[in-house]
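Undergrad: Sequence and computational prediction follow.
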Amino acid sequence: MSILGSEAKILLRVYPNAIRNEVVGLAEGVLRVKISAPPVKGKANRELLAFLSQLLGVSQGALTITKGYTSRNKIVAVDGLSQEESLKRLLRS
């Protein structure tokens, strides 16, 4: 976490090859997200970051996959938003 507390860490479980991009819900502190792109050559990760940036209202550059780049379980850092604000925006969708 940054000194100013303006970085959130979001735990995700990603389901690629879905019909559409959507936030499924929050269970045990893990946000479940469906992504329509296949998990091939980083396509699902790119689409995940684009989808999250749209929901959060931040640029894609403010998002970083810090853990789990090749896994369904990921940690995404959100620069500029608090943990609470990030989750509120994602669950509002």
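TA: Nice, I can see it. Numbers count the residues shown, from 1 in each chain.
Undergrad: SS state for the residue nearest to Ile19 when sequence neighbours are not counted?
TA: Excluding the flanking residues, the one nearest Ile19 by C-beta to C-beta, 6 or more residues apart in numbering is Ser36, at 6.7 Å. To be clear about C-beta, it is placed using only N, CA and C from the backbone, and glycine gets the same treatment. Going by DSSP: H, G, I helix; E, B strand; the rest coil, the secondary structure assigned to Ser36 is coil.
Undergrad: check contacts around Ser36.
TA: Contact analysis of Ser36 by C-beta atoms under 8 Å, 6 or more residues apart in numbering lists Pro16, Asn17, Ala18, Ile19, Arg20, Asn21, Glu47.
Undergrad: same thing but at 6 Å, please
TA: Counting by C-beta atoms under 6 Å, 6 or more residues apart in numbering, Ser36 makes contact with Ala18, Arg20, Asn21.
Undergrad: Show the residue spans covered by the helices in this protein.
TA: 43-56, 83-92 (DSSP state H).
Undergrad: Could you list every helix and strand in contact with the longest one?
TA: So that's helix 43-56. strand 63-67 (3 or more C-beta pairs under 6 Å, 6 or more residues apart in numbering; DSSP states H and E).
Undergrad: Quickly run through the sheet partners of the strand it packs on, with directions.
TA: When pairing is defined by DSSP bridges, strand 63-67 lines up against strand 73-79 (antiparallel).
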